Structure formats: structure tokens, C-alpha cells
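Engineer: sharing a sequence plus its predicted fold:
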Amino acid sequence: MDVEDISDTPQSFTSIHPGCGTSFPGGSTFMDSFWQDAHAEERRENLFYPFASSEEWQFSSWCMRSGLSMSTIDSLLSLNIIKRLSLSFRTARELRVCAESLPGGPPWLCEHMKLDYPTRQSICLFYRPALECLQSLLSHPLLTPHISFVPWKVWTSAARVCRIYEDWLSGDHASAIQDKLPEGGTVLGVILSSDKTNISVMSGNRMAYPLLISLANIAPEICSKISMHTYLLLVLLPIPKFLHKDTRVRSLLHDRLIHQALSRVLAPLKTAARVGIMMNDPDFGDPFLHDPRTRSHTLAAIRKALGKSSAQDYKVFLKVCKTLHLNGVVEPFWLDWPLSCPSQFLHIEPLHHFHHFSWDHDVKWCIEVVTPPEIDFRFSLLQTMVGYRGFEDGISKLKQVTGHDHRAIQRYIVGVISGAVPRRFLIAVRALVDFRYLVQAPIFTDHSLDRLTNALQLFHDNKDAVVQAGVRDAWEIPKLELLQSVVSNIRCSGPVIQWSADATEHAHVQEVKVPARLSNNQNYYDQITCYLDRSDKCFRFDVATYLETRHEGNPSEDDDDSEEEHDIELDFNDCSLRDHMNLPRLPLNYFVIANALASDSIPNAPKPHRTFSNITTAFHLATKPSLRMTIDDAAVLFKLPDLRPAIGEFLQRAQNHSNHPISGVTSQDLCYPLPFDRIQIWYKIRIQQFLYHKAQNVDAPQTLRVLPPSSDHPHGLYDTVILSPGPDSDWPRRGIEGHVVAQLRLIFCPLDTDYFATYVQRFDVVTQPANSGNVHPVTGMYLLRRAMKSSTERLGSVVPISHICSPVHLIPKFGKEAHSRLTRESSCEFSSDFWLNKYWSKELYHALSPLGL
């Protein structure tokens, strides 16, 4: 089936797989499970049973979510003011008994495992039924609108020449699986994520080994939201202490135990893949791509290893396995799972495969080549924007470096090391950074995949410079080899950003670490599962009572005759949902506010309106300005001697409805007559744009600062933007073409007028060799130079604020060695040449990269 223009990408063409799943009558919904509970009859009289009322339930829910110990809750309940509430429970234990009687989700099970080799303690496997976990996600009322079941393919046009890859269902793998299913079958993609995590606090070495489960059918933008709880804890894998003396053998036994546990827990999913099941409705270091480690290849290697040695002769078997690149597991958990192949279900993961790799390798190369003191000094000179990580003490001595730090360093590393490293060394590092930025895009086309391939090839073409610099003598880096498989992985399973471990790392905190820290530090797994069971029951009870309350308040005329569950819109501001979900604040949409103000939909709004927008950008100023003063006083405070004639030139152009090029003031009369003398001044302005790849969604607002000289900032603090000379702009589709880069020096509005304007000083793009698009061939960034009217006077003009297109970040061009007298406050004021840092944000990267998507 072909459908036009239903994708987020403009002028796209979508083809839906013809063998879509079939729905059948019957099954149960989320609310059915609520009304089929053992206490359903009591809840027809009292919806919040076993609690006396809605107020008692709110108090009880708060007590269980507060993290208070049972003794503290007992102390709270013993207070006279609480006793006067006449609660239906008197102790924390009675409260827990009430909570445990609520309708639950997938139950926790525990089984003892039999092992081939003795351990210090018996091993128990704590897990939940896998199919019930998937059913819980499918019927979750908060996720149902965001789950898709039909594989699809998207092209940029009806000619079907260039494919677009947006999610797992738009990749080749989902369609290939659907082709193998019987007519009417529905494909569900199961996401499994595991990683050991430390649950000790301050001291101790207690570890947990959680395995999380989710659905690839959930929209990537929803699945990546930690607050939506799209990842469920499926099993707490055992961490045994085997008695064998050899460390390698203990590691082998541990790997076999993990696969044995996974085979037991995932057995129902294998059965579902083999025969189907009804579900309720609401799936090495060189530049060459080596043959994939497919299912047949791996199983053949295992058979070959078993033919040379017994699997029970651990030491000999390990030596055999090493030559065949095996870990010693002879019965992998996916052995009897139909349609499963390690080369397809083991996905590239950005957090570890890209960001950790950058810190472990190319950043370390840069530190060694530039030298730690010099690179630390350069990082300390950078002026960072509001909300962005800075490195006042440098990066060479960082400890406990997080993924947030990895991303922050990648924003600046190319500009920081330029001039201090050999040319081809910089090209190699820049190529890896380009690869990481390109690969994190939420949407891919065949063209963008070619750019990804070219970036990786550029690294391999120049990587010998890294060896020549003496920081690397071999390329046996598994994560580097893995980069060769990224393009094929995207074609198979969609963008890799949807598989990022950021969400699962945070899920470990909520699902494992928080419950462990609320325990008594004994029998962690027992107490974690009990805590999660109570929390899940409380959340389900909250959602069910909320939906039922809303339904009672909005009865349907044919309520008695309808068998369908009413589709009630959820209000996430309701405390019963917000307290459980910990929903993040959505970005304030200044475009909506600006449109409402422009149409006078907001009564009594102060005028002139402080929030306004153009086609591409929205602006917001505080209602109360930072200063009110005369133009001449502002010229002295902000050190702008030509401010008065610049304002006069601005007014003349505004009256003539002409463009506002930043060409400098032509009049030298500093006493230029103006119709006003006093202005309002703002130190900050907030700017908001649409996302590059999904232009219907807004990005988070960015605060820009325009601070005059002070004791904290001796030279002032002025952020930089991209401007359009006229009111119409095609930013960001054509990049910097037709735009200019300028530094904000003053934001003002004359009293009793609606002229919101800014005095800016221009930067010029330094011309580069032909066929480079004026982009520097080594750094891949635009090189800027301050525009000057004379040897000492900078070129500036006044332009409307509405001509601002985007905030940008500049990195001073330090050269071979940064000047020792520069400081963080003076580096931008005393430098003349700058790199236009396209790596400052992923949105800006795509806008400033030649041949963008």
C-alpha cells in the first residue's frame, strides 16, 4: 500500500507493508484488569478501596513514594494530628499490606538455579514473565498512542530512489521479519538491555545485574524519555562467586550462567516467535567491512570448538575458543529463538560505542599531542553559553567522566586543538567527530548515509598521522572496527540514536539503585523486587482511579451499550500522574505565545509585546528591562561611540522598509538628532528555533547574554548570533549563505515605541580555496575575522531583533600556542580570528555543514 506525505520529512513517499497484523475481538484492556481484581466489588462502592477515600489514598501514596523508612512512617502515624484523620491503617506494616492488595502488573518470580560448578552461595533467579511485561507495555494507557505495528518504507519521492530511515519499523529488518510471518501476523521488536551497576553507597562492592525489556514498536522519541517508564526491569541476573581458582575459568562459568538464565527467562518469547501468540491491543580497526558474525557463523565456530575439546575441560576449551573468537558459551540464549541473528539484534549503541570511545581514544590522543598544560589552558579560555558545560580547569585531569562530559568535550575539541597539531592529525580527529554528529541524526536518507561513509573513510585516509604523532602504534580497537557496521545497521534497523543506553542507564537508577538504597543492605534482590512490586501497584492504581474518575465526570450517552473503552485524554498536570512519572518540563513554546499575543488572545498583556517571532525564530524579553537610561549614557556604559548615529541610520531604513545590512555607520555626526533620548536595555534575551530534522517541533530556548563591563566581567560578556539582512530568511536550509555572523553588543527599545533592536558588530568569513564553500579544509568550519572600519574601530550597526536567526558559538583561533596573557573574560575581546563552531549543537551542526540533509 502506498501513501503520500505522511512522514515528518517534506515531500516524502511512504509504502506500508501489505502483510499487516490482524485484530481479533476479545482480549482485555488496562481497565479490565482493574475491574477483574479480587476487590472489584468493593470498588464499585468505594473506588479507592482498600483506602477509605481519595484523600487517604493520596496520603498513603505519598508515604510509600517518599523514601521514608518504616520506623519513620510509624513515627509520622503516631502524631496526634495524623491520628485525628482516622486513617484505616495505624502502622507502616498495615499500610504496606494495603498497598500489596492493589491490582498488580507482571508478578515477580524466584527460582533456584542448578549449576555445574559450586559457588559460595546458592543462586536464585529473580524475574518477571516476559510476555506479561510486553503485554503491560502494549496496554499501558500512556504509551498506546505511540505504538506502531506495521513495517513501512519511506522515500524522498515517488520515484523511490532515495530511502529515509526514521525508526526500527522503517528499516529493512522489520520488513524482512514481516515477510516471514503468516498472513495477519504482527511483528513486535523486543529490546533487551543489560549492564552491571554498583548499588553500594560510599563503601562496599555490591553489584546488581539488571536486564531491562522494552518494545521497538514504541516511537523512538517516546522510548527515549526516561519519565515514560518504557523500560521494565525483567530480570535481576545472578552474580555468583564460583570457587574455581582460575580467573578465566570463573569468567567462563559466569558467561554460561548468564546465558542459562536468559534462556530460562526468555523461553516464552522464543515460543511466541516460533508459533505466535495472541496479544491484547491497546516489535576491527581497518577501513573494510568484515563479514558479519551471523547465527550460522557463530554456531559453526562453537561446533568446531566442541570438536577440539570438551566444554567441561575449562582451561583447554578456553584456549580453543580464543583462537575462534568465542567466549566459551556453548548454548547461547538465542540458540532456539527463531528469526534471531546476533549480527542483527546486537545494535550499535551511541553512549558507549561513540561517546565513551571518543574519550578513551581520540581525546587522549589530542591531550598527548597538544600536551596537558596547553590543552587545559585552551579549554579554560572558552566562553561557554548559558546551560552548556565549561572546563575552567581543563580536561586532562578529569575524574569520573560522564557521558555529559564526553559530549561537551566533543563540542570544542576540533577548534581547541587547531594550530597545535599536525594538519592530517586534525583531519583524522575531525572526521571522527563528524561521524559521531552525523550518526546521531534522528532521520537518515541514502545521501546522508553516504556522508557517514565518507566521514569514516576520511579518518582511515589520515589515521597514519596519529601513528606518526607517536600516540598510537596499532589499530586493534574493537569499537573502531564496529564503526564499519553502522551504515548497514541503520539500513537494517533504523537510526542508532533510538538504541542509546542513556534511557536504560537512568532506568537502572529508578529500577535498581533507588530501591537498593531504601533497603536495609541485606538480601538486595529480595527487597528490590518487593519495592518495585509495590510501586507498580501504586502507579497502576493511580492511573486506573484517575481514568475512572474522568470517565464518571464525562459519561457517554450510550455508555450501557458500548463495549469499547472510552478514549480519555490524559492530563499530565494531574498530581496523581505527575508524582509517579516525574515528567520533565516540556520546552516553553514561545511561537505559540507570540501568535497568541499578536492576535490579542491574551488580555491585559503589557505592550509592546515582549514575546514575538518570525518564520524561523521566536524571541522573549523580560517584562521589566535591566536598565533605563539615555542613549549617550548607554554608549559610554557599553563602549559604543557610534550608537546614536547607528540608531538614526536604523530608523531611516525602517521608515523606508529597506534591509538592514551591517555596513557600519556612514555619518560621523555623534550628535545625530533622534525623536527620543531614553531607551530600555535588556541584559538577556531568550531565542527559540524549530528542530532541524523535525521542523514541526520546537527546540529548547537558548538564553543569550549582553552584559556591559563590570567587576565580574571586565570586558563585558557578549554572545554571538547569525543574522539575516532582511525580514525573510530561509535559515537553516541553506546554511550561512545570505546571512552574517555578528556579536550582540546592546539590546534595547526606545521608550514609548515598539522598536526592539540590537547593536551588533559583524564578523566576516575568511575566503578559503575554491570548491571548499569557504569552509576551512582542515577544521571543516568557517574561519571568521572581525570586520573593522579602521585599525582600531569595529564595524557595527543597529538591526531589528527579529532579524536574528540563530545563536552560535565562537572559538578563538589560538594558533600554535595560546597567548599566555589571555583569560576566560578577555579571550573573545582580544582575539581577531575565530572558528564558527558548528559542533556547538547537533542542530547547528547540520545547518552549517555543507551539503546538509
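Structural biologist: Yep, that arrived. Residues are numbered from 1 along each chain as shown.
Engineer: buried stuff in stretch 293-312?
Structural biologist: 295, 298, 301-302, 305, 309, 311 (16 or more other C-beta atoms under 10 Å). (Glycine included, C-beta is placed from N, CA and C.)
Engineer: off-centre distance for it?
Structural biologist: 39 Å (C-alpha atoms, centre = their mean, to the nearest Å).
Engineer: so what touches that stretch?
Structural biologist: 116, 291, 316-317, 319-321, 324-326, 328-330, 332, 334-335, 340-343 (C-beta atoms under 8 Å, 6 or more residues apart in numbering).
Engineer: buried subset of the residues you listed, written for PyMOL?
Structural biologist: Here is the PyMOL command that picks out the buried ones among the contacts of stretch 293-312, judged by 16+ other C-beta under 10 Å:
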select buried, resi 317+320+321+326+328+329+332+334+335+340+341+343
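Engineer: inside helices: which ones of the contacts of stretch 293-312?
Structural biologist: Judged by DSSP state H, helices contain the following of the contacts of stretch 293-312: 316-317, 319-321, 342-343.
Engineer: what's the neighbour count on the residue nearest to His112 when sequence neighbours are not counted?
Structural biologist: In space, and not counting its chain neighbours, His112 is closest to Cys124: 5.8 Å by C-beta to C-beta, 6 or more residues apart in numbering. Neighbourhood size, Cys124 [other C-beta atoms under 10 Å]: 14.
Engineer: what's near enough to touch Cys124?
Structural biologist: Cys124 touches 110-113, 238, 525, counting by C-beta under 8 Å, 6+ apart.
Engineer: drop anything exposed from those.
Structural biologist: By 16+ other C-beta under 10 Å, the contacts of Cys124 give 238, 525 as buried.
Engineer: if we go by neighbour counts, what in stretch 400-411 is buried?
Structural biologist: In stretch 400-411, counting by 16+ other C-beta under 10 Å, buried: 401, 403, 405-411.
Engineer: adding secondary structure, distance to Ser136 and pLDDT, write those residues out as a markdown table.
Structural biologist: A markdown table is the format used below for these (DSSP: H, G, I helix; E, B strand; the rest coil; distance: C-beta to C-beta, whole Å; pLDDT from 0 to 100):
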| residue | secondary structure | distance to Ser136 | pLDDT |
| --- | --- | --- | --- |
| Val401 | coil | 36 | 87 |
| Gly403 | helix | 29 | 86 |
| Asp405 | helix | 35 | 92 |
| His406 | helix | 34 | 92 |
| Arg407 | helix | 33 | 92 |
| Ala408 | helix | 37 | 94 |
| Ile409 | helix | 39 | 94 |
| Gln410 | helix | 37 | 94 |
| Arg411 | helix | 39 | 94 |
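Engineer: closest one of those to Ser61?
Structural biologist: Proximity of the buried residues of stretch 400-411 to Ser61 was ranked by C-beta to C-beta; the top entry is Gly403 with 32.8 Å.
Engineer: Pro350 is in contact with that closest one, correct?
Structural biologist: No - with contacts defined as C-beta atoms under 8 Å, Gly403 does not count as touching Pro350, sitting 9.1 Å away.
Engineer: could you measure from the residue lying closest to Val316 once chain neighbours are set aside over to Lys322?
Structural biologist: Counting by C-beta to C-beta, 6+ apart, the nearest residue to Val316 once its immediate chain neighbours are dropped is Ser309, at 4.7 Å. Going from Ser309 to Lys322 by C-beta to C-beta, to the nearest Å gives 12 Å.
Engineer: give the closest residue to Tyr412 in space, chain neighbours not counted.
Structural biologist: Tyr412 sits nearest to Leu382 (C-beta to C-beta, 6+ apart), 5.9 Å away.
Engineer: okay, now the one you found: neighbour count?
Structural biologist: Neighbours of Leu382 using other C-beta under 10 Å come to 22.
Engineer: surely it and Ser827 touch.
Structural biologist: Yes - counting by C-beta under 8 Å, Leu382 touches Ser827, with 7.4 Å between them.
Engineer: low-confidence ranges in the stretch 101-250 of the chain?
Structural biologist: Scanning the stretch 101-250 of the chain for pLDDT under 70 picks out 201-204.
Engineer: before we move on, what about the stretch 251-400 of the chain?
Structural biologist: In the stretch 251-400 of the chain (pLDDT under 70), the answer is 277-291.
Engineer: same check, this time on the stretch 451-600 of the chain
Structural biologist: Looking at the stretch 451-600 of the chain by pLDDT under 70, you get 551-586.
Engineer: now do the contacts for His506.
Structural biologist: Ile226.
Engineer: how far away is it from Val514?
Structural biologist: From His506 across to Val514, the span is 11 Å (C-beta to C-beta).
Engineer: with Ile348 instead?
Structural biologist: In terms of C-beta to C-beta, Ile348 sits 29 Å off from Val514.
Engineer: now Ile804
Structural biologist: 43 Å.
Engineer: quick one, which of those two is more surrounded?
Structural biologist: Neighbour tally, Ile804 and Val514, criterion other C-beta under 10 Å: the higher count belongs to Ile804, 25 against 16.
Engineer: run through the residues that contact that one.
Structural biologist: 617, 619, 687, 721-723, 758.
Engineer: tell me which helix or strand comes right after the top strand by length along the chain.
Structural biologist: In terms of residue count, the longest strand belonging to the chain (DSSP state E) is strand 740-750. Next along the chain after strand 740-750, taking DSSP states H and E as the criterion, comes strand 757-765.
Engineer: by contact count, what packs against that next one?
Structural biologist: Helices and strands touching strand 757-765, by 3 or more C-beta pairs under 8 Å, 6 or more residues apart in numbering; DSSP states H and E, are helix 643-655, strand 720-723, strand 740-750, strand 782-786, strand 796-800.
Engineer: could you look up the SS state of Ala474?
Structural biologist: Following DSSP: H, G, I helix; E, B strand; the rest coil, the label given to Ala474 is coil.
Engineer: tally up the residues packed near it, please.
Structural biologist: 7.
Engineer: how near is it to Ser485?
Structural biologist: For Ala474, the distance to Ser485 - C-beta to C-beta - is 21 Å.
Engineer: what's the nearest residue to Val698 if we skip its chain neighbours?
Structural biologist: What sits nearest to Val698 in space, not counting adjacent residues and going by C-beta to C-beta, 6+ apart, is Asn589, at 5.4 Å.
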